[in-house]
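Trainee: can't give you the sequence, but here's the structure:
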């Protein structure tokens, strides 16, 4: 998606440790007109899949998911990162390893909001190691729902998450796939 | 706003401790068509105020803020709840006391995304004790920006937050103000 790629080239900042900082338009300040175009593109790619629900994870996936949901005409559920040691019984849960924060956390969705009749599209801002997406897909599977696929804003193609998910048969549609980045800039696949 | 009040009466659940559970449509599963009507109503109330930016706080304010931002044609910034002891220097910060979680946490916004030229509308899902909103308004004031007011989905009118903010001269527009709730149900102001 050219609009997003151009914006990454214009406003993205590369920091040490393969960090791409896009918080001026994607995940701290959010450019809603860009999100609207991204939402339409996700809908173009998944419009024939009878999506009934969009699933994302707090916090930075929520804005993109909500705007995309307007194109699909479906509700959004966001998985919560749980800080509790004792999880309630009425939730689906999985463990996610965060490389950014160096720890493992639980994500939860109330059982009321994912059912076997749901056809679920996962939406998130980034795909790198793939652990958040694997955790989200486990919630969908545990609910007996149908996982349609994942719509991602920015995929770091040089990290293993995309291949990991696609090798499991999960359809992943990323609007911008970065093949490499260093102090000279960003290259797209 | 009748649509939201009716939805609270239909799907809200009252739990012990003055907890109104609305996570089937507002802050876990999110009804985007409802959010769209709420966004239009916020815009109707603040359309003459030349809002340049919407400020909210992770996680449950983000969806409402993003959908409302479409009506205003402005970007959204969400304040992050910081878990770090050492805060970076390039942020505005304030402390927020959470009664729900029984602790004090820092909220931060990068200085790049709030400026003295901004006319800021704060949007959040709930107003009860008012601490989150006071924390957000401090960020706006510290940035030298103009605080237009706050748009709230549900205000617990029987808790002191609304009066606290309005007594400081902050314009608060709540789409549903609950005057009382108990095991017999919810009453609106």
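Mentor: In hand now; what should we look at? Owing to the predicted nature of the structure, the values given are computational and were not obtained by experimental measurement. Numbering: from 1, shown residues only, chains lettered A, B, ... in the order given.

Trainee: Beta-bridge partners for the spatially most central residue of chain A, please?
Mentor: Residue closest to the mean C-alpha point of chain A, counted by C-alpha atoms, centre = their mean, is residue A:124 at 1.6 Å. Beta-bridge partners of residue A:124, counted by DSSP bridges, are residue A:152.

Trainee: Now do the contacts for it.
Mentor: Contact analysis of residue A:124 by C-beta atoms under 8 Å, 6 or more residues apart in numbering or on different chains lists A:56, A:57, A:60, A:61, A:64, A:65, A:132, A:133, A:136, A:150, A:152, A:153. (Each C-beta comes from the backbone N, C-alpha and C, glycine too.)

Trainee: thought the second one was touching residue A:76?
Mentor: No: using C-beta atoms under 8 Å, residue A:57 and residue A:76 do not qualify as a contacting pair, with a distance of 11.1 Å.

Trainee: where's residue A:186 relative to residue A:9, distance?
Mentor: According to C-beta to C-beta, to the nearest Å, residue A:186 and residue A:9 sit 6 Å apart.

Trainee: actually residue A:94, not the one I wrote
Mentor: Residue A:94 sits 35 Å away from residue A:9 when distances are taken as C-beta to C-beta.

Trainee: what are the ranges of the strands in chain A?
Mentor: Secondary structure of chain A (DSSP state E): strands at A:13-15, A:19-21, A:29-30, A:53-57, A:76-82, A:91-98, A:103-110, A:119-127, A:146-156, A:172-182, A:185-188.

Trainee: Run a quick neighbour tally on residue A:32.
Mentor: 25 (other C-beta atoms under 10 Å in any protein chain shown).

Trainee: same check, this time on residue A:79
Mentor: 28.

Trainee: Tell me the bridge partners for it.
Mentor: residue A:57.

Trainee: The spatially closest residue to residue A:43 that is not a sequence neighbour: how many residues sit nearby?
Mentor: Spatial nearest neighbour of residue A:43, chain neighbours left out: residue A:71 (3.6 Å); criterion: C-beta to C-beta, 6 or more residues apart in numbering or on different chains. Residue A:71: 19 surrounding residues under other C-beta under 10 Å.

Trainee: Tell me who's in contact with residue A:71.
Mentor: A:39, A:40, A:42, A:43.

Trainee: what number of residues lie near the third one?
Mentor: Burial measure for residue A:42: 28 neighbouring residues, criterion other C-beta under 10 Å.

Trainee: That one - nearest residue in space that isn't next to it in sequence?
Mentor: Per C-beta to C-beta, 6+ apart, closest to residue A:42 is residue A:151, 4.2 Å.

Trainee: quick one: average confidence on stretch A:107-117?
Mentor: Stretch A:107-117 carries an average pLDDT of 97.

Trainee: from the chain's centre, how far out does that stretch sit?
Mentor: 17 Å (C-alpha atoms, centre = their mean, to the nearest Å).

Trainee: which residues touch that stretch?
Mentor: By C-beta under 8 Å, 6+ apart, the residues outside stretch A:107-117 that reach it are A:52-53, A:55, A:57, A:77, A:79-82, A:87-88, A:90-96, A:120, A:132, A:135-136, A:139-140, A:143-145, B:23-24, B:28-29.

Trainee: Compute the inter-axis angle for the helix ranked longest in chain A and strand A:172-182.
Mentor: Secondary structure of chain A per DSSP state H: the longest helix is helix A:32-46. Angle of helix A:32-46 versus strand A:172-182, following axes from the mean of the first three to the mean of the last three C-alpha atoms, to 10 degrees, is 120 degrees.

Trainee: quick check: angle from helix A:32-46 to strand A:146-156?
Mentor: Using the same axes, to 10 degrees, helix A:32-46 lies at 130 degrees relative to strand A:146-156.

Trainee: and chain A, which residues reach chain B?
Mentor: A:23-25, A:28-33, A:35-36, A:58-59, A:62-63, A:65-67, A:69-70, A:73-78, A:80, A:109-110, A:112-113 (C-beta under 8 Å from any C-beta of the partner chain).

Trainee: quick one: low-confidence parts of chain A?
Mentor: For chain A, the stretches with pLDDT under 70 are A:85.

Trainee: mind checking how far the residue nearest to residue A:43 is from residue A:45?
Mentor: Taking C-beta to C-beta, one finds residue A:71 at 11 Å from residue A:45.

Trainee: on that earlier part again, going by neighbour count, list what's buried in the longest helix of chain A.
Mentor: A:32, A:34, A:35, A:36, A:38, A:39, A:40, A:41, A:42, A:43, A:45, A:46 (16 or more other C-beta atoms under 10 Å in any protein chain shown).

Trainee: before we move on, the earlier item: point out the most buried one among the strands of chain A.
Mentor: strand A:53-57 (a mean of 27; mean count of other C-beta atoms under 10 Å in any protein chain shown).

Trainee: quick one: that one to chain centroid distance?
Mentor: 8 Å.

Trainee: again with stretch A:132-142
Mentor: Worked out by C-alpha atoms, centre = their mean, stretch A:132-142 lies 11 Å from the chain centre.

Trainee: Likewise for stretch A:89-96?
Mentor: That offset, for stretch A:89-96, works out to 18 Å (C-alpha atoms, centre = their mean).

Trainee: Stretch A:44-59 now?
Mentor: That offset, for stretch A:44-59, works out to 10 Å (C-alpha atoms, centre = their mean).

Trainee: what distance separates the start and the end of it?
Mentor: Taking C-alpha to C-alpha, to the nearest Å, stretch A:44-59 runs 25 Å from one end to the other.

Trainee: Also stretch A:23-32?
Mentor: In stretch A:23-32, first residue to last residue: 13 Å (C-alpha to C-alpha).

Trainee: Can you list the neighbours in contact with it?
Mentor: Under the criterion C-beta under 8 Å, 6+ apart, residues A:7, A:11, A:34, A:60, A:63-64, A:67, A:125-126, A:153-154, B:66, B:69-70, B:74-78, B:80, B:109-110, B:112-113 lie in contact with stretch A:23-32.
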